[in-house]
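Q: Give me a 3D structure for the following:
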Amino acid sequence: MGIANISRTDPLITAPPSPGYGPSSVQRTWCDDTVRRSRGRLRDPDPSLHLVRPGLRDLPGRCRHRWLRGAGEVDRSAGERALLSAALETGLPEREAIGHIRRGILRGEKTPRTVPDALFHRNLNSLASFRARPAVPARAEAQTSPARPPQQEVAALWSASLAVGADAEAAAWFSRRFGSAATWFIQQTELWDLARVIPADIRLPRWAWSRGGPWAGTGHRILFRLWDHTGQAVSLRARSFDSTAAPKSLAPSGCSVKGLVLADPLGCQLLGGVCPAWWQPREIVVAEGEPDWLLWAARQRETEEQGPACFGIESGAWSPQIADRIPTEAAVAIRTHHDEPGERYAQQIAASLRGRCRIFRSGVGEEASR
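A: This is a model prediction of the structure:
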């Protein structure tokens, strides 16, 4: 018998809440007298009643007559109906049950207590007579997400930037880096959209400024995308044309690039959780810095499918989430610089993949010039 079908007509049960039972508190009480009179004859009432008495089936005998009343929990009339129905099912006479309920209500009003969150039923909001309060979130250490530049502005700047072959300064930078192979590297960079050039006259957002001014004004115009562990381009890094500039690369001002890597198209697929079936052998290159990463990422020919996948890192880029995207049994060549930071990066990468990937370390002098 559901709540709406209870036919008892005693004024105690059917009367609307009086002004004294306003929405200012939550009351709860133990119907000790009712439990004592039941002599262990309690049984589960109609299943719909556990909406009014949350967690009824999970509570031991004496707890099953716990009830809630007040704003944010349950309307008094609905609570009384549910209590009466439960009491009658234990065998108590109706008039006696009403007396116990009245005394319980008065006692609960005198000593109100808050309600344990564990007693809320998942369908609490389904009953119109309830005014469910928001669930209290579990206490946990706050995990603050790293600050990133606005995604619309990141996408807009990348879209407004030029192909590397369309800018004379960029072409000269490729010539210094790659010598006689510069033209081929420019073509490959454009083919795979690995880098672009910031127009000299573009108006940049505030995060694309450094102490010396906007990136374009300081000569940091070669633009690279930074990818997170879900395969999303969430930030950018700008590289200077001048090899003597300090710093050589700039990240967005006021933002973090921790946990972000450079990635070629195959690397982006891996970050997005896709491991292509055609990718054999499964080889991965992890390089340090934009020039080294570009050296390896641009080598992939359009007519060849085998890879390798190429990632580029700086300080703080590699993370357990990135490592989790590396397929088991892949061959990973770590090509960080052979200096103190580079060796530290290599050890971190190797430790995160040890036991499930084949790891190789490059020799001294194999990295590109810085």
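
Q: Is the closest residue to Q187 other than its chain neighbours part of a helix or strand, or is it coil?
A: Take Q187 and drop its neighbours on the chain: the residue closest to it by C-beta to C-beta, 6 or more residues apart in numbering is G165, 7.4 Å away. The C-beta positions use only the backbone N, C-alpha and C, and glycine is treated the same way. Here G165 is recorded as helix under DSSP: H, G, I helix; E, B strand; the rest coil.

Q: Distance of G165 relative to G219?
A: Distance, G165 to G219, using C-beta to C-beta, to the nearest Å: 19 Å.

Q: What of T336?
A: Going from T336 to G219 by C-beta to C-beta gives 26 Å.

Q: so what's Q300 up against?
A: Contacts for Q300 (C-beta atoms under 8 Å, 6 or more residues apart in numbering) come out as Q188, W192, D264, P265, L266, G307, P308, C310.

Q: At which residues are the helices of the stretch 201-350 of the chain located?
A: 215-218, 265-271, 290-297, 320-324, 340-353 (DSSP state H, counting those that start in this stretch).

Q: coming back round to it: wait, isn't the residue nearest to Q187 in contact with E190?
A: Yes: assessed by C-beta atoms under 8 Å, G165 is found in contact with E190 at 5.9 Å.

Q: Just the buried subset of the contacts of Q300, please.
A: Buried members of those, scored by 16 or more other C-beta atoms under 10 Å, are Q188, W192, D264, L266, G307, P308, C310.

Q: L83: which of those is nearest?
A: L266 (65.7 Å; C-beta to C-beta).

Q: Run through the residues that contact H220.
A: I198, S210, A238, R239, S240, A245, S249, L250.

Q: again, 6 Å this time
A: Counting by C-beta atoms under 6 Å, 6 or more residues apart in numbering, H220 touches A238, S240, L250.

Q: Could you dump those residues into JSON lines and include pLDDT and neighbour count?
A: Formatted as JSON lines, the contacts of H220 follow (pLDDT from 0 to 100; neighbours: other C-beta atoms under 10 Å):
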{"residue": "A238", "pLDDT": "98", "neighbour count": "26"}
{"residue": "S240", "pLDDT": "96", "neighbour count": "19"}
{"residue": "L250", "pLDDT": "97", "neighbour count": "19"}
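
Q: Show me those residues that map onto strands.
A: Of the contacts of H220, the ones assigned to strands by DSSP state E are A238, S240, L250.

Q: Identify, from these, the entry nearest to F178.
A: S240 (16.8 Å).

Q: Name whatever forms a beta bridge with the closest one.
A: On the basis of DSSP bridges, S240 is bridged to H220.

Q: That one touches S249, doesn't it?
A: No: if you go by C-beta atoms under 6 Å, S240 and S249 don't touch, sitting 7.1 Å apart.

Q: Okay, domains of this protein per the record?
A: Listed domain ranges for the chain are 3-126, 151-361 (source: automatic domain parsing).

Q: and R335, bridged to which residues?
A: Beta-bridge pairing of R335 under DSSP bridges involves A287.

Q: quick one: it from E169, how far?
A: As judged by C-beta to C-beta, R335 and E169 stand 27 Å apart.
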